[in-house]
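Trainee: no sequence for this one, just the structure:
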């Protein structure tokens with residue numbers, strides 16, 4: 001299979017010549033190994049029993065092979081992290097180690113944090129630009145510069161295309177499949193994650209698998225919302241069954257976070273500004289909108305027809321929620337490439353909210369609204385205008401991501417950009 005370059009490759013190009021050890025984190029099937037293989041001279045695959053035994057017998061010698069050294073699925077031998085950390089302390093040169101992991105180490109495993117020695121990068125499913133769906137004309141990094149670049153371009157993607165991309169998945173090995181095979185593969189992915197992966201990676205035996213499945217389904221129905229954890233817990237009651245206890249759902253959340261399956265957007269809590277009374281709760285997202293769609297049992301046609309149960313408090317329809325999740329995926333990957341973090345803003349009373357806040361390392365901020373609409377009017381930008389009025393000079397640009405055909409700037413300076421035209 002021909003390797004398709006990913007956004008994280010730009011980060012690795014910049015960082016590997018400077019840093020001795022980089023860990024690439026993300027859910028299974030996201031493409032971490034394929035990306036690592038493009039750069040590795042030595043490959044240590046810890047899901048191979050022979051390699052595993054060699055590494056355990058003599059880790060120092062195994063990690064002393066020609067570099068760059070790719071240690072794939074390192075969490076299977078958590079002590080590898082400490083060996084790499086010590087090698088860095090002993091003067092390992094730049095571009096020595098790449099570690100890939102699809103889970104944090106099993107609960108109770110002790111490893112040093114690696115702070116200052118091992119840099120972690122998050123790898124997410126493929127964004128629209130990474131899927132090869134046209135050529136982006138609007139750069140997120142350029143918007144963050146604050147120079148209000150010209151906005152233009154025409155997008156050929158329709159609402160039906162976006163619905164298809166939600167269903168098609170951003171996992172490289174799944175999206176090329178025919179629809180039926182893709183559905184079966186996504187269902188199998190979820191089943192494995194909720195059973196075997198939890199056992200193999202976390203040492204967890206799920207006593208009530210139906211309860212865990214019901215909880216993650218309820219979480220999927222809260223996609224792109226700030227629904228309270230208690231509301232999700234209450235919704236996770238299949239049939240007449242009682243909902244799982246609060247302690248149980250906390251364990252579910254921790255387990256699935258350890259597998260990188262949950263990818264919530266944190267709340268933006270800016271320091272030293274006039275903004276007060278902001279909520280601290282995250283906005284809920286799964287790693288891939290396609291996983292949420294499968295849990296909600298909606299495909300592209302059903303989404304277009306308005307089907308799909310969603311929890312109150314977020315977008316009104318499943319298509320709206322999942323379109324925002326697809327947009328969030330693209331924004332987060334582009335933001336990470338631009339050395340920026342992504343969050344959301346919502347006031348405690350709910351009278352103001354901004355879907356996404358992108359904040360660069362130097363404090364430059366972009367406010368982004370996501371609208372399931374082809375045309376944008378004044379009411380769609382009122383929260384962005386409020387942000388500009390209350391946050392001042394740090395707001396370098398404002399943007400609405402839409403399903404329309406053309407990118408342009410409104411008279412008030414707010415950029416309107418079809419999602420298919422946004423790139424790094």
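Mentor: Everything's here; your move. Computed from a prediction, not measured in an experiment: that's the story for all the values here.

Trainee: can we go C-alpha only for contacts and neighbour counts from here?
Mentor: OK.

Trainee: if I look at residue 420, how far off is residue 88?
Mentor: In this structure, residue 420 and residue 88 are 41 Å apart, going by C-alpha to C-alpha, to the nearest Å.

Trainee: The two - which one has more neighbours?
Mentor: Counted by other C-alpha atoms under 10 Å, residue 420 and residue 88 do not tie: residue 420 has more neighbours, with 29 against 21.

Trainee: My guess is the more buried one contacts residue 130. True?
Mentor: No. Contact between residue 420 and residue 130 fails when scored by C-alpha atoms under 8 Å: they sit 10.9 Å apart.

Trainee: Using the record's domain definitions, break this structure down for me.
Mentor: According to automatic domain parsing, the chain comprises the domains 7-122, 138-423.

Trainee: Please enumerate the strands of the chain.
Mentor: Secondary structure of the chain (DSSP state E): strands located at 21-25, 42-45, 69-72, 97-101, 119-122, 138-139, 340-346, 353-360, 365-370, 395-402, 408-409, 415-418, 422-423.

Trainee: Output the domains of the chain as a markdown table; include the columns distance to residue 1 and mean pLDDT.
Mentor: Below are the domains of the chain laid out as a markdown table (distance: least, C-alpha to C-alpha, whole Å; pLDDT from 0 to 100):
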| stretch | distance to residue 1 | mean pLDDT |
| --- | --- | --- |
| domain 7-122 | 10 | 89 |
| domain 138-423 | 10 | 93 |
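
Trainee: that older thread, any chance of the strands of the chain in CSV, plus mean neighbour count?
Mentor: Shown next, in CSV, are the strands of the chain (neighbours: other C-alpha atoms under 10 Å):
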stretch, mean neighbour count
strand 21-25, 23
strand 42-45, 20
strand 69-72, 24
strand 97-101, 26
strand 119-122, 16
strand 138-139, 20
strand 340-346, 23
strand 353-360, 23
strand 365-370, 25
strand 395-402, 23
strand 408-409, 18
strand 415-418, 27
strand 422-423, 22
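
Trainee: list the helices and strands the longest helix belonging to the chain packs on?
Mentor: Using DSSP state H, we find that the single longest helix of the chain is helix 318-337. In terms of contacts (3 or more C-alpha pairs under 8 Å, 6 or more residues apart in numbering; DSSP states H and E), helix 318-337 is packed against helix 7-15, helix 140-144, helix 159-168, helix 289-296, helix 300-304, strand 340-346, strand 422-423.

Trainee: Could I get these in a markdown table, plus columns for distance to residue 370?
Mentor: Shown next, in a markdown table, are these (distance: least, C-alpha to C-alpha, whole Å):
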| stretch | distance to residue 370 |
| --- | --- |
| helix 7-15 | 22 |
| helix 140-144 | 15 |
| helix 159-168 | 13 |
| helix 289-296 | 15 |
| helix 300-304 | 17 |
| strand 340-346 | 12 |
| strand 422-423 | 12 |
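
Trainee: on that earlier part again, can you tell me which of the strands of the chain comes nearest to residue 308?
Mentor: strand 365-370 (19.2 Å; C-alpha to C-alpha).

Trainee: wait, doesn't residue 296 sit right on residue 219?
Mentor: No. Taking C-alpha under 8 Å as the definition, residue 296 is not a contact partner of residue 219, at 9.8 Å.

Trainee: More neighbours: these two, which one.
Mentor: Between residue 296 and residue 219, residue 219 has the larger neighbour count (other C-alpha under 10 Å), namely 28 against 20.

Trainee: Let me see the contact set for the more buried one.
Mentor: Contacts of residue 219 were listed using C-alpha atoms under 8 Å, 6 or more residues apart in numbering, and they are 232, 284.

Trainee: can you rerun that using 7 Å?
Mentor: Residues near residue 219 by C-alpha atoms under 7 Å, 6 or more residues apart in numbering: residue 232.

Trainee: show me where the stretch 101-250 of the chain has helices.
Mentor: 140-144, 159-168, 179-192, 198-202, 209-221, 229-235, 246-258 (DSSP state H, counting those that start in this stretch).

Trainee: is it possible to export those helices to CSV including distance to residue 361?
Mentor: Listed next are these as CSV, based on distance: least, C-alpha to C-alpha, whole Å:
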stretch, distance to residue 361
helix 140-144, 10
helix 159-168, 30
helix 179-192, 35
helix 198-202, 33
helix 209-221, 31
helix 229-235, 30
helix 246-258, 25
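
Trainee: okay, the ones you listed, which one's buried deepest?
Mentor: Among those, ranked by average contacts under mean count of other C-alpha atoms under 10 Å, first place goes to helix 209-221 (a mean of 22).

Trainee: residues touching residue 66, list them.
Mentor: By C-alpha under 7 Å, 6+ apart, the residues touching residue 66 are 41-42.

Trainee: err, residue 296, not the other one
Mentor: Residues near residue 296 by C-alpha under 7 Å, 6+ apart: 217, 220-221, 308-309.

Trainee: Generate JSON lines for those residues, with distance to residue 339 as supplementary columns.
Mentor: Formatted as JSON lines, the contacts of residue 296 follow (distance: C-alpha to C-alpha, whole Å):
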{"residue": "217", "distance to residue 339": "33"}
{"residue": "220", "distance to residue 339": "28"}
{"residue": "221", "distance to residue 339": "31"}
{"residue": "308", "distance to residue 339": "35"}
{"residue": "309", "distance to residue 339": "36"}
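
Trainee: Compare the strands of the chain and report which one is nearest to residue 301.
Mentor: Nearest of the strands of the chain (C-alpha to C-alpha): strand 395-402, 19.6 Å.

Trainee: So what are the sheet partners of that closest one and their directions?
Mentor: Partners of strand 395-402 in the sheet, by DSSP bridges, are strand 365-370 (parallel), strand 415-418 (parallel).

Trainee: any chance of those strands in a markdown table, plus distance to residue 393?
Mentor: A markdown table is the format used below for those (distance: least, C-alpha to C-alpha, whole Å):
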| stretch | distance to residue 393 |
| --- | --- |
| strand 365-370 | 9 |
| strand 415-418 | 17 |
